[in-house]
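Novice: Dropping the sequence and predicted coords here.
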Amino acid sequence: MGRLGVLLLNLGGPDKLEDVRPFLYNLFSDPEIIRLPSPLLQAPLAWLISTLRAKKSQENYKKIGGGSPLRRITEAQGQALRSQLQQNGRDVSVYIGMRYWHPFTEEAIAQIKRDNIEELVVLPLYPQFSISTTGSSFRLLDRIWKVDPDLQKIKYTVVPSWYDNSGYLQAMANLIATELDRVKNPSAAHIFFSAHGVPVSYIEEAGDPYQKEIEACAALIMQRLNRTNPYTLAYQSRVGPVEWLQPYTDVAIEELAQQGVKELVVVPISFVSEHIETLEEIDMEYREIAEHAGIETFARVPAPDTDPTFIQALADVVVKALNDRPKLFSETIQPQKNTKLYPQERWEWGMTQSAEVWNGRLAMLGFLILLLELWLGRAQILQ
Ligand SMILES: C=CC1=C(C)c2cc3[nH]c(cc4nc(cc5[nH]c(cc1n2)c(C)c5CCC(=O)O)C(CCC(=O)O)=C4C)c(C)c3C=C
Ligand SMILES: [Fe+2]
């Protein structure tokens, strides 16, 4: 067997407040997040949205210590996975490739080439597949691979999703059980799965399997937990005025409070590490909504991070991938080129949702006309 590598994929997050705007620019430049009819408009739109969102986003990162912990935790997961595989008799090098911030996927690939890796497992740190996360990273890697003959010599395989892996389900069930046993009434507390949302158009127009995998994942975790507590699945972190997967987490929490639920145990399920959407959105924003609505206990299950059962599960996923038939980037789900993907930003000066959409469209139009005029003016000067 040749030199073996594991490439862990994640989204990336700003390490410090100055990184927030360029990080958002990278995110909104991705046609897998927002796709416009003309690729030429992608960069101006990304600039506009990242500039409008940066201040609010920076305030949130400030509340969790001034930056995302994602890099630190992902590196710790990488080291733990390497040790685990070594204990299981496999000597591997582990690389981290983030989609929108350092260490970028391109940096990881350059290192993989320098290390002369001959066999590679590409493992996204998202248990469920979405075209906006794993799909986007696979598309990037596919493009990099196609133009690089050295990479084409590497025998690689990808793991599109692993939400049904037995060890992962066990790790989640253990983490939930520990948190449940701390509340006042462990057998009656309501278990609340909060998944990251995506716009409905991703599912209905682009064929994203994300919702199906999330629903199956929550049901499998409940089966493994083997308790009779009631549970709800809802979706958090929506951006902009288009329709995202429902029920929305904030609305669902209020409804449960109205039904008389007093104890909530919140389980983040699209993430395997703590980051802004667990530490700020769940722990601060949703907690406040819950307490205001009359929920007395708002407990949150920690993300798996470097939990030993979870790391063993990742090691099992790697070994299985090595033993299975290799799976290529091109074999995974990809949206059609003409699929509309645009979870527009919420424009702050809008009065109602539809006014916001139109304000946004008008602002965009004005901005594009301005760009066009600048460009035409420049073209005239050059003539
Ligand atoms: C605008 C559309 C977005 C989609 C679709 C989306 C899907 C999606 N994202 C994650 C996981 C993460 N997202 C993170 C940050 C983040 N995501 C968006 C937007 C979309 N995400 C924004 C604007 C941001 C920046 C933060 C903010 O301004 O709110 C992160 C990094 C968090 C960190 O700690 O830095 C992760 C991880 C999933 C799993 C997902 C779809 C399944
Ligand atoms: Fe996100």
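Specialist: Everything's here; your move. Numbers count the residues shown, from 1 in each chain. Ligands and ions are numbered 1, 2, ... in the order given.

Novice: who are the neighbours in contact with Glu179?
Specialist: Taking C-beta atoms under 8 Å, 6 or more residues apart in numbering, we find Glu179 in contact with 265, 299-302. For glycine as for every other residue, the C-beta is placed from the backbone atoms N, C-alpha and C.

Novice: Now the host helix or strand of it: buried residues?
Specialist: Assigned by DSSP states H and E, Glu179 falls within helix 166-180. By 16 or more other C-beta atoms under 10 Å, the buried positions in helix 166-180 come out as 167-177, 179-180.

Novice: Leaving out the residues flanking it, which one is nearest to Ile117?
Specialist: Gly5 (3.8 Å; C-beta to C-beta, 6 or more residues apart in numbering).

Novice: The one you found belongs to a strand?
Specialist: Yes: under DSSP: H, G, I helix; E, B strand; the rest coil, Gly5 falls within a strand.

Novice: residues from the stretch 151-300 of the chain in reach of ligand 1?
Specialist: Neighbours of ligand 1 within the stretch 151-300 of the chain, by C-beta under 6 Å from any ligand atom: 196, 198, 210, 239, 270-271, 275-277.

Novice: Enumerate every residue touching Leu322.
Specialist: Contact analysis of Leu322 by C-beta under 8 Å, 6+ apart lists 4, 119, 121, 157.

Novice: Which residues are in contact with the first one?
Specialist: Counting by C-beta under 8 Å, 6+ apart, Leu4 touches 90-93, 117-121, 322.

Novice: do the third one as well
Specialist: Shown in contact with Val121 (C-beta under 8 Å, 6+ apart): 4-7, 156-159, 318, 321-322.

Novice: Let's see if you can find the most crowded of the residues of the stretch 151-300 of the chain next to ligand 1.
Specialist: Tyr210 (28 neighbours; other C-beta atoms under 10 Å).

Novice: Not counting sequence-adjacent ones, nearest residue to that one?
Specialist: Ser130 is the one closest to Tyr210 (C-beta to C-beta, 6+ apart), at 4.0 Å.

Novice: To which secondary structure element type does that neighbour belong?
Specialist: Applying three-state DSSP: Ser130 is coil.

Novice: In stretch 296-306, which residues are buried?
Specialist: Result for stretch 296-306 [16+ other C-beta under 10 Å]: buried residues 297-301, 303-305.

Novice: low-scoring stretches of this structure, by residue?
Specialist: 1, 336-383 (pLDDT under 70).

Novice: just checking, what packs against the helix or strand containing Ala43?
Specialist: Using DSSP H and E, the element containing Ala43 is helix 42-63. Helix 42-63 sits against helix 20-28, helix 353-382, with contacts defined as 3 or more C-beta pairs under 8 Å, 6 or more residues apart in numbering; DSSP states H and E.

Novice: Helices of the stretch 201-350 of the chain, start to end?
Specialist: 210-225, 249-258, 276, 287-293, 308-323 (DSSP state H, counting those that start in this stretch).

Novice: Looking at the stretch 151-300 of the chain, which residue is nearest ligand 1?
Specialist: Of all residues in the stretch 151-300 of the chain, His275 sits closest to ligand 1, at 3.0 Å by C-beta to the nearest ligand atom.

Novice: residues in contact with the residue lying closest to that residue once chain neighbours are set aside?
Specialist: Distance criterion C-beta to C-beta, 6+ apart; nearest residue to His275, sequence neighbours excluded, is Leu70 at 4.8 Å. For Leu70, the contacting residues are 10-13, 98, 273, 275, by C-beta under 8 Å, 6+ apart.

Novice: distance of Asn229 from Phe192?
Specialist: 10 Å (C-beta to C-beta, to the nearest Å).

Novice: between those two, which one's more packed in?
Specialist: For Asn229 versus Phe192, neighbours defined as other C-beta under 10 Å are more numerous around Phe192 (28 against 17).

Novice: wait, doesn't the residue nearest to Ile117 sit right on Asp91?
Specialist: No: applying C-beta atoms under 8 Å, one finds Gly5 not in contact with Asp91, separated by 10.6 Å.

Novice: who's more crowded, those two?
Specialist: Neighbours of Gly5 and Asp91, each counted by other C-beta under 10 Å, are more numerous for Gly5; the result is 22 against 10.

Novice: hey, what's the more buried one bridged with?
Specialist: Beta bridges link Gly5 to Ser93, Leu120, judged by DSSP bridges.

Novice: which residue ranges form the strands in the stretch 51-200 of the chain?
Specialist: 92-98, 119-124, 155-158, 190-196 (DSSP state E, counting those that start in this stretch).

Novice: highest average neighbour count across these?
Specialist: Among the strands of the stretch 51-200 of the chain, strand 190-196 has the highest mean neighbour count (mean count of other C-beta atoms under 10 Å), at a mean of 25.

Novice: How about this protein: which residue is closest to ligand 1?
Specialist: Proximity of the chain to ligand 1 (C-beta to the nearest ligand atom) peaks at Gly13, 2.3 Å away.

Novice: quick one, what contacts that residue?
Specialist: Counted by C-beta under 8 Å, 6+ apart, Gly13 has contacts 23, 67-71, 101, 275-276.
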